[in-house]
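A.B. asks: coordinates for the following, if possible.
(one chain, ligands or ions: 1)
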Amino acid sequence: MKKIIFSAKLVVVCACMMLASACSDHEVDPNLGPYDTTDTTDTSTILSNYNEQYRPQIHYTPATNWINDPNGLVYANGTYHMFYQYNPQGNSWGNMSWGHATSTDLVHWKEQSVALTRDELGDIFSGSAVVDSANTAGFGAGAIVAIYTSSDTYQQQSLAYSTDGIKFTKYSGNPIIKSTSTDFRDPKVFWYAAGKKWIMELATGSNHSIELWTSTDLKTWTQMSTFTSSLSACNQGQWECPDLFPLTYKSQQKWIQLVSTNPGGHVTGSSTMYFIGDFNGTTFTADDSYSYPLWLDYGADTYANATWNNINGRRIAIGWMNNWNYAGSVPTYPWRSAMTLPRELSLIDYNGKPILSNKVIPEISSIAGDWRNINDGALGNADAYEVQVTLPTSVSWTITLSNDQGQEYSMTYDAADFRIIADRGSDTGSCSFSTGFAIPSINMPLNTDGGNVTLDIFVDRSSVETTTDTGSSSMTNILFPTNIYNHISLSGADGSIKVRSMKSIWK
Ligand code: FRU
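C.D. replies: Numbering: from 1, shown residues only. Predicted coordinates:
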């Protein structure tokens, strides 16, 4: 982290930049182009104290500059690596590179040097990373191999490798998969032990398919199959950032196919959907008894969700906490966008069938204080909060989070529909930076039975993430209140509220 004491001059510059960015056009998915190039602010030399207005205190952000999708999630030698789409030169999408952060607990992150920058094959778009323990590629046993899309006139796939996890060397034989397609990207590679082979998934954007390829050496690839959906509700916008992994349900292995789709999400713009089914080593087949699309998260702000490779016995996901509809104009400076809190994925039962559960990882407790039952609604004076509220499902009620400026974010449960409707309207804080940002009804089904529901709510300076305590549904929304919401009230029903403070991961 870069540190500096803020000078008056810098504060004025910041304020002007924020105003300028508030007036800029919307960013759109670069794959739908054209994207906003009007904001050419060079934020790369700004020093951050991680305490600016809206700066997330328990979520990963880079010190400066634009980020989008998490990339290359891999656990190696006791370190969680998180690479991500990054602009080393500014606070808008462009110059796409892989930024890099590392962690030993998935809670505290250290920003590392930029891992991969643009070359003659193009921008460095999204992709994944593996640990090549058996040295199948010949870069060394245990090398971290990054597989990414080289995006220029066409989208092709390339490799880079590292033996120290920090410095990457691009493979001289790039691109490893040549293509003349403009919609062929975001390789997710994993080791398929049952078949002793590598699998790569690739998304085809507006062609709405996921291609499955295989290799034994990470360098030479052959296509095996293509996954598509016949449902028009799933075939909106672009298909991007696929991920395929197994989970156990009632002692049986099921496979989950994540597909991010933009636009055409659950709320507006960007969302991640999932399919449940089987993978036989060649083909993924979705169980057709579900009403697809199923959504990983029902909020407006989690996209490009991906999971870590090489973690034994756990499946942990993280997403980009933003939405292409307005990501380019969110009023943060000198960085833009955060990652969600990491989520632990599992399969749980709902109506006799498995659904995907996602819950914030238990490691978050390492920055939490003791639980306190609260009666007067005051959350306290902390960097961030985790609030748990237990309420009946038989009647309707409203939970309201608010701050001393009178800005508020409410979640209303509709007992007739077993749904929570979040009001991310214009009372929540700064909204005017984009006409598409204020959304008064973002709805999340509870996906659970029972007389009571417990909601787990993580409140940071510019986001609220809500999950049911079983993880049966979740809703991630970014918001820009002048100060963090530090008060909670209930109406319509009596419930119990407890809170614990969260300590900044940057202190
Ligand atoms: C998804 C995405 C990917 C692409 C990357 C470019 O948000 O559009 O498909 O690789 O962002 O930054």
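A.B. asks: how about the stretch 201-350 of the chain: which residue is closest to the ligand?
C.D. replies: Here the stretch 201-350 of the chain gets closest to the ligand at one residue, Glu240, 3.6 Å apart by CB to the nearest ligand atom. Heads up, the C-betas are built off the backbone N, CA and C, glycines and all.
A.B. asks: all strands of the stretch 251-400 of the chain, in order?
C.D. replies: Ranges of strands in the stretch 251-400 of the chain, per DSSP state E, counting those that start in this stretch, are 252-262, 271-279, 284-286, 294-295, 303-307, 316-321, 335-336, 338-339, 343-350, 353-360, 372-373, 384-392, 397-402.
A.B. asks: how about the nearest residue to Ile166, chain neighbours excluded?
C.D. replies: In space, Ile166 comes closest to Gln112 once its chain neighbours are excluded; the distance is 5.9 Å by CB to CB, 6 or more residues apart in numbering.
A.B. asks: so Asn174 touches Ser150, yeah?
C.D. replies: Yes - here Asn174 reaches Ser150: they are 6.7 Å apart, a contact under CB atoms under 8 Å.
A.B. asks: who's more crowded, those two?
C.D. replies: Set Asn174 next to Ser150 and count neighbours by other CB atoms under 10 Å: Ser150 wins out with 26 against 19.
A.B. asks: what parts of the stretch 151-300 of the chain come near the ligand?
C.D. replies: Residues of the stretch 151-300 of the chain found near the ligand (CB under 6 Å from any ligand atom) are Arg185, Asp186, Glu240, Cys241.
A.B. asks: before we move on, back to that, overlap in contacts of Asn174 and Ser150?
C.D. replies: Jointly contacting Asn174 and Ser150 under the rule CB atoms under 8 Å, 6 or more residues apart in numbering are Leu121, Gln156, Ser158.
A.B. asks: from those, which is closest to Asp376?
C.D. replies: Nearest to Asp376 among those, counting by CB to CB, is Ser158 at 57.1 Å.
A.B. asks: what's the helix or strand for the closest residue to that closest one other than its chain neighbours?
C.D. replies: Closest residue to Ser158 apart from its sequence neighbours, by CB to CB, 6+ apart: Asn174 at 4.0 Å. Using DSSP states H and E, Asn174 maps to neither a helix nor a strand.
A.B. asks: now do the contacts for Asn174.
C.D. replies: Leu121, Ser150, Gln156, Ser158, Leu159.
A.B. asks: rerun that using 10 Å as the cut-off
C.D. replies: Residues near Asn174 by CB atoms under 10 Å, 6 or more residues apart in numbering: Asp119, Glu120, Leu121, Tyr148, Ser150, Gln156, Gln157, Ser158, Leu159, Ala160, Lys219.
A.B. asks: stretch 72-86: end-to-end distance?
C.D. replies: Stretch 72-86 stretches 13 Å from its first residue to its last (CA to CA, to the nearest Å).
A.B. asks: does it come close to the ligand?
C.D. replies: Yes - applying CB under 6 Å from any ligand atom, one finds that stretch 72-86 is in contact with the ligand at Gln85.
A.B. asks: that stretch: which residues count as buried?
C.D. replies: Gly72, Leu73, Val74, Tyr75, Ala76, Tyr80, His81, Met82, Phe83, Tyr84, Gln85, Tyr86 (16 or more other CB atoms under 10 Å).
A.B. asks: nearest residue to the second one other than its sequence neighbours?
C.D. replies: Using CB to CB, 6+ apart and skipping the chain neighbours, the partner closest in space to Leu73 is Trp308 (4.3 Å).
A.B. asks: quick revisit: just the buried residues from the contacts of Asn174, in ChimeraX please.
C.D. replies: Remark: buried members of these, expressed as a ChimeraX selection using 16+ other CB under 10 Å:
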select :121,148,150,156,157,158,159,160,219
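A.B. asks: ok, so of the contacts of Asn174, who is nearest Thr393?
C.D. replies: For those, the nearest to Thr393 is Tyr148 (44.9 Å; CB to CB).
A.B. asks: my read is that the closest one contacts Thr117, right?
C.D. replies: No - counting by CB atoms under 10 Å, Tyr148 does not reach Thr117; the two are 11.5 Å apart.
A.B. asks: flag every residue of the stretch 301-450 of the chain that's near the ligand.
C.D. replies: Proximity of the stretch 301-450 of the chain to the ligand is confined to Ala304 under the rule CB under 6 Å from any ligand atom.
A.B. asks: low-confidence ranges, the stretch 301-450 of the chain, go.
C.D. replies: By pLDDT under 70, the stretch 301-450 of the chain contains no weakly predicted segment.
A.B. asks: neighbours of the residue nearest to Thr216 when sequence neighbours are not counted, how many?
C.D. replies: Leaving aside its sequence neighbours, Thr216 sits nearest to Lys197 (CB to CB, 6+ apart; 5.6 Å). For Lys197, the count of nearby residues is 15 (other CB under 10 Å).
A.B. asks: pLDDT and secondary structure for the buried residues of stretch 72-86 - can I get that in TSV?
C.D. replies: Shown next, in TSV, are those (pLDDT from 0 to 100; DSSP: H, G, I helix; E, B strand; the rest coil):
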residue	pLDDT	secondary structure
Gly72	98	strand
Leu73	98	strand
Val74	98	strand
Tyr75	98	strand
Ala76	98	strand
Tyr80	98	strand
His81	98	strand
Met82	98	strand
Phe83	98	strand
Tyr84	98	strand
Gln85	98	strand
Tyr86	98	strand
